[in-house]
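1. One predicted model, sequence on top.
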Amino acid sequence: MNLGFVYDLHCLLKESDFSYVYNGAFTQALSDRILSFAESAVDSHAESTKVKKKLYFVMVESLQNVARHSEVTPEVEQGASSFFIIQSLNKDYYLTSANTIQKTEIESLRSKLEHVNSLDKDALKTYSNDILTQGTFSEKGGAGLGLVEMARKSGNKLAFDFSDINAAISYFYFQLKISSESQGGNGSENRLVASKKMHGIMSDHNLNLIYSGDFTQEIVKGILAMTEASIQDERDHRVRNKIFNVVVELLQNVYQHADDPEAGKEGKTGMFLIGEWNDRYMLTASNLVKNTKTEHLRKCMDEVNALDEPALLERHTNALSEDSGKSMIGFVDMRFRSNDKIEYNITPLQEDYSFFTIRISIAK
């Protein structure tokens, strides 16, 4: 993925109102951190307690569905992955998940979903009670109870689709809308199309994690926690430590040094990505900078990248005490930890601002 594409991705995320996307293997630790992060993000929007409870319930059910029902068999194509995304649009939240299922299960699942969508509020309550009374539970969970309860909590229809992976396995896409306001209605299908497109982009570019939005201290903490849980490499703790420390620098760079046209707000607008390519982790961060800063940024980046190994070690050791090093200590530290040059790109946007992207590559 070239760095010019990062700006295109930023535009797509903004257009589709995506805020958090994860693509990969789901663990309990990661699910817990997604829930914690989403709570912080929703709190920042000052939503009502009622809306927060609905969102939390639906997220728990969606993530449990992914964890319980994803097929892990020799028939699943290498690279097939589970997926979770949160969108916010016009006071509505859209939660979309995707997991792999056997094609032999599609018709049964489709029948359950269509039946749930055919029921009104009272009929859903009756159906939920019937499932509980009958006590028909499979080894993977309730007999459609989670679907029924999500429909009841949201007051909206369930949007879903299936997409072939190979002759035996398909993706099951599931989306639910939570409205901040009291009106119901559906309208989720168009959002599902956008979510499927984003899943394809992430898979094509080997991206595992995307956050796009305002960077506050709470958001930064949440992204760090999710990053720690999403890095699956347990072979070498030094690699994990390198990644964590570089991510800290990347996020702090956005939070502390980004410029933003919206004056007075707490956070700074930016984007953060984690991906994998061959035997390397690719860590990317982007934010707006004033055009008056771009030449200084280029000079800093080129100077840091020009350092040979002894000079880099000396600069890293002395940067905290040198006045000339203070402005770029973060860049020096990231290059020192990664043992690789920092890729960067500056895309002019308008008279006052440019889009600044940096990427750090770390060997596994």
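-> That came in fine, so what should we check first?
2. List the contacts of H10.
-> Listed by CB atoms under 8 Å, 6 or more residues apart in numbering, the contact set of H10 reads S212, M271, S286, F355. All C-beta spots, glycine's among them, are computed from the backbone N, C-alpha and C.
3. So I342 is in contact with F336, correct?
-> No. If you go by CB atoms under 8 Å, I342 and F336 don't touch, sitting 10.6 Å apart.
4. If you rank the contacts of H10 by neighbours, which is first?
-> S286 (26 neighbours; other CB atoms under 10 Å).
5. and that residue, what helix or strand is that in?
-> With secondary structure defined by DSSP states H and E, S286 is part of strand 280-290.
6. what mean pLDDT would you report for that strand?
-> For strand 280-290, the per-residue pLDDT values average out at 93.
7. Can you list the strands that it pairs with?
-> Within its sheet, and counting by DSSP bridges, strand 280-290 is paired with strand 268-277 (antiparallel), strand 353-363 (antiparallel).
8. can you put those in TSV and add distance to N245?
-> Compiled in TSV, the strands paired with strand 280-290 are given as follows (distance: least, CB to CB, whole Å):
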stretch	distance to N245
strand 268-277	14
strand 353-363	10
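9. So which helix or strand of the protein has the lowest pLDDT on average?
-> Among the secondary structure pieces of the chain, namely its helices and strands, strand 141-142 has the lowest mean (mean pLDDT, DSSP states H and E), a mean of 46.
10. That one: what's the following helix or strand?
-> Taking DSSP H and E as the definition, the helix or strand that follows strand 141-142 towards the C-terminus is helix 145-154.
11. Could I get the full set of strands for the stretch 201-350 of the chain?
-> Listed in chain order, the strands of the stretch 201-350 of the chain (DSSP state E, counting those that start in this stretch) span 207-215, 268-277, 280-290, 343-348.
12. Out of the ones you listed, indicate the one that is most buried.
-> Ranked by mean neighbour count under mean count of other CB atoms under 10 Å, these are led by strand 207-215, which reaches a mean of 23.
13. What is the burial count for K299?
-> By other CB under 10 Å, 12 other residues sit near K299.
14. What of the one 10 residues further on?
-> Residue neighbour count, defined by other CB under 10 Å, stands at 9 for E309.
15. Looks like K103 contacts F172 (just checking).
-> No. In this structure, K103 sits apart from F172 without contact. The criterion is CB under 8 Å, and the distance is 10.3 Å.
16. re the thing from before, of all the strands paired with strand 280-290, which one is nearest D17?
-> Nearest to D17, of all those, is strand 268-277, at 13.5 Å by CB to CB.
17. So what touches the closest one?
-> Strand 268-277 is contacted from outside by 1, 6, 9-10, 13, 205-215, 223, 227, 230-231, 247, 250-251, 254-255, 258-260, 262, 281-288, using CB under 8 Å, 6+ apart.
18. swap in stretch 174-183?
-> 47-48, 51, 54-55, 58, 62, 65, 91-98, 150-151, 153-156, 158-160, 185-188, 191-192, 195.
19. What's the mean pLDDT across that stretch?
-> Confidence over stretch 174-183 (mean pLDDT, whole number) is 76.
20. Tell me the buried residues in it?
-> F174, Q175, L176, K177, I178, S179, S180 (16 or more other CB atoms under 10 Å).
21. what angle separates the helix or strand where R110 lies from helix 145-154?
-> Taking DSSP H and E as the definition, R110 sits inside helix 106-117. With axes from the mean of the first three to the mean of the last three CA atoms, to 10 degrees as the criterion, the two stretches helix 106-117 and helix 145-154 enclose an angle of 30 degrees.
22. Counting neighbours, show which residues of helix 106-117 come out buried.
-> Of the residues in helix 106-117, those scored as buried under the neighbour-count criterion (16+ other CB under 10 Å) are L109, L113, V116, N117.
23. do stretch 227-244 as well
-> When burial is assessed from 16+ other CB under 10 Å, stretch 227-244 yields the following buried residues: T227, A229, S230, I231, V239, R240, K242, I243.
24. So what touches it?
-> Contact with stretch 227-244 is made by 22, 24-25, 27, 29-30, 32-33, 208-209, 224, 247, 274, 281, 283, 337-338, 362-364, as judged by CB under 8 Å, 6+ apart.
25. Next, count neighbours for N291.
-> The number of residues near N291, taken as other CB under 10 Å, comes to 15.
26. for A159, same thing?
-> 23.
27. where exactly do the helices run in the chain?
-> 3-16, 28-44, 49-69, 106-117, 121-134, 145-154, 189-204, 217-230, 237-257, 294-306, 309-318, 323-326, 329-338 (DSSP state H).
28. Relative to A167, which of those helices is closest?
-> Among the helices of the chain, helix 106-117 comes nearest to A167, with 13.0 Å by CB to CB.
29. counting contacts, what elements does that closest one pack onto?
-> If you count contacts as 3 or more CB pairs under 8 Å, 6 or more residues apart in numbering; DSSP states H and E, helix 106-117 packs onto helix 145-154, strand 159-164, strand 169-179.
30. So what touches that helix?
-> Helix 106-117 is contacted from outside by 101, 124, 127, 144, 147-148, 151, 157-158, 160, 162, 170, 172, using CB under 8 Å, 6+ apart.
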